[in-house]
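> just to be clear, the model below is a prediction. Sequence and coordinates:
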Amino acid sequence: EKGEYRHFMLKEIFEQPTVVAQTLGSYLRQSDRSVALPQLDVDLGEINRVTIVACGTSYYAGLVAKYWFEQFARLPVDIDVASEFRYRDPVLEPGGLALFISQSGETADTLAALRHCKENGQTIGAVVNVPTSTMAREADVLLPTHAGPEIGVASTKAFTCQLAVLAALAAHMAVKRGRLSRAQEEEIVEHLLETPASLNAALDHDDDIAAMAPLIAPARDVLYLGRGQDYPLAMEGALKLKEISYIHAEGYASGEMKHGPIALIDENVPVIVIAPSGPLFEKTVSNMQEVSARGGKIVLISDAEGIAEAGEGCMATIEMPHVHPLIAPLVYAVPVQLLAYHVAVAKGTDVDQPRNLAKSVTVE
Ligand code: F6R
């Protein structure tokens, strides 16, 4: 039931503080602030590399996780979309964890890739939202998301719950590999436990985002820019927008702009910049200047610090709470989802059942 909400997608966006808290609750122990994964039959401390395979939004969750596995656990990560992975004869050596991320647990290409990895001696991990799904059954290590049923075709709450599980998993593997001191583990867990409150603070901007959506709705093309672990969010933002509003959108790494897409920039192409303040912010500011100099209209999604520094001259700004970099991808997912949602509503498209799309892609 949609209850007070106009669409399932909006309801599911607003459920995120609750379902992310639920999900984190089963991977973290609040009492001693430690990572406590569900009982596993496999010792993940022995893993020497990670291969991540998924499709669509679930793939973008995997791209964020690659940053975490590298940074915290110092594990090499290979990642690909399932339709490419399954046909490219990837090198799979002993000691590898192959990780499949899927809301439905039934996506045909992802399942085929899972079976291929199993035949090639990989330990199989599955981050799935449907505990009775085929992927859940076939995995050695089942890591459920507790997002509850997702009805809207565009994935929202499943994505943030996937990120929650992946952050906990990366921290767990980092502990197992002796890469995190007890104090560092406590600190990470503390930040993760702050996520639901930060998601609520992000949701408070729903009205501002609804008010600016009409500025984006007439566009034919929209560019999303992000850097580091927020780069996958630029791609996720572009995917959400194209799925439900049918506006062509692309997500790019901020630093890649001058290698091509800058040729597109004029006053008709809104550029959504996803940039929490931090060590990489200065670099993004210079990318923004390149856009402004060509008449581009910028929407800056940042925190108060970032907006104070670079908000002037933007078409609009969306202020996020100041958060630890680890949880930024979860928190910044909210404005990106809400922006796509409100643009689609402004255009009058069918938000919950976009044309040509199915919730579960069980054919190749
Ligand atoms: C985007 C979306 C799709 C799915 C993709 C994978 O909003 O919903 O891109 O993420 O089809 O589906 P699952 O996660 O069920 O494997």
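Sure, I can see it.

> apart from its neighbours in sequence, what residue is nearest Ser302?
Ala275 (5.1 Å; C-beta to C-beta, 6 or more residues apart in numbering). For glycine as for every other residue, the C-beta is placed from the backbone atoms N, C-alpha and C.

> the ligand contacts on the stretch 101-250 of the chain?
102-104, 107, 110, 154-155, 239, 243 (C-beta under 6 Å from any ligand atom).

> for those, which one is nearest His116?
Taking C-beta to C-beta as the measure, His116 lies nearest Thr110 of those, at 10.7 Å.

> find the closest residue to the ligand in the chain.
Using C-beta to the nearest ligand atom, the point where the chain gets nearest to the ligand is Gly56, with a distance of 1.9 Å.

> just to revisit the earlier point, turn the residues of the stretch 101-250 of the chain next to the ligand into a markdown table, including secondary structure and neighbour count.
Output for these, formatted as a markdown table (DSSP: H, G, I helix; E, B strand; the rest coil; neighbours: other C-beta atoms under 10 Å):
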| residue | secondary structure | neighbour count |
| --- | --- | --- |
| Ser102 | strand | 33 |
| Gln103 | coil | 29 |
| Ser104 | coil | 21 |
| Thr107 | coil | 29 |
| Thr110 | helix | 29 |
| Ala154 | coil | 28 |
| Ser155 | coil | 27 |
| Leu239 | helix | 22 |
| Glu243 | helix | 22 |
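
> next one: the residue nearest to Ser302 from Ala328, what distance?
Separation of Ala275 from Ala328 (C-beta to C-beta, to the nearest Å) stands at 10 Å.

> overlap of the contact sets of those two?
Here Ala275 and Ala328 share the contacting residues Asp230, scored by C-beta atoms under 8 Å, 6 or more residues apart in numbering.

> near the ligand, which residues of the stretch 251-364 of the chain?
Proximity of the stretch 251-364 of the chain to the ligand is confined to 360-361 under the rule C-beta under 6 Å from any ligand atom.

> the stretch 251-364 of the chain: helices as residue ranges?
Secondary structure of the stretch 251-364 of the chain by DSSP state H, counting those that start in this stretch: the helices cover 281-293, 304-310, 328-347.

> just these: most buried one?
Stretch with highest mean neighbour count among the helices of the stretch 251-364 of the chain: helix 328-347 (a mean of 26; mean count of other C-beta atoms under 10 Å).

> residue nearest the middle of the protein, spatially speaking?
By C-alpha atoms, centre = their mean, the mean C-alpha position of the chain lies nearest to Ala61, the distance being 4.1 Å.

> pull out the buried residues from the helix or strand where that residue lies.
Per DSSP states H and E, Ala61 falls inside helix 56-73. Across helix 56-73, burial judged by 16 or more other C-beta atoms under 10 Å covers 56-69, 71-73.

> now swap in stretch 147-160 and tell me
Under the neighbour-count criterion of 16+ other C-beta under 10 Å, stretch 147-160 has 147, 150, 152-160 buried.

> quick revisit: how about the residues of the stretch 101-250 of the chain next to the ligand in JSON lines, adding pLDDT?
Formatted as JSON lines, those follow (pLDDT from 0 to 100):
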{"residue": "Ser102", "pLDDT": "98"}
{"residue": "Gln103", "pLDDT": "98"}
{"residue": "Ser104", "pLDDT": "97"}
{"residue": "Thr107", "pLDDT": "97"}
{"residue": "Thr110", "pLDDT": "98"}
{"residue": "Ala154", "pLDDT": "95"}
{"residue": "Ser155", "pLDDT": "97"}
{"residue": "Leu239", "pLDDT": "98"}
{"residue": "Glu243", "pLDDT": "95"}
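
> nearest to Ala211, of those?
Ala154 (21.3 Å).

> and that closest one, how far from Leu241?
Distance of Ala154 to Leu241, computed by C-beta to C-beta: 10 Å.

> quickly list what's touching both of the two.
Both Ala154 and Leu241 are contacted by Ala340, under the criterion C-beta under 8 Å, 6+ apart.

> coming back round to it: which one of the residues of the stretch 101-250 of the chain next to the ligand is nearest to Arg179?
Nearest to Arg179, judged by C-beta to C-beta, of these is Ser102 at 27.6 Å.

> list the residues that contact the closest one.
Contacts for Ser102 (C-beta under 8 Å, 6+ apart) come out as 54-55, 58, 110, 126-129, 133, 135.
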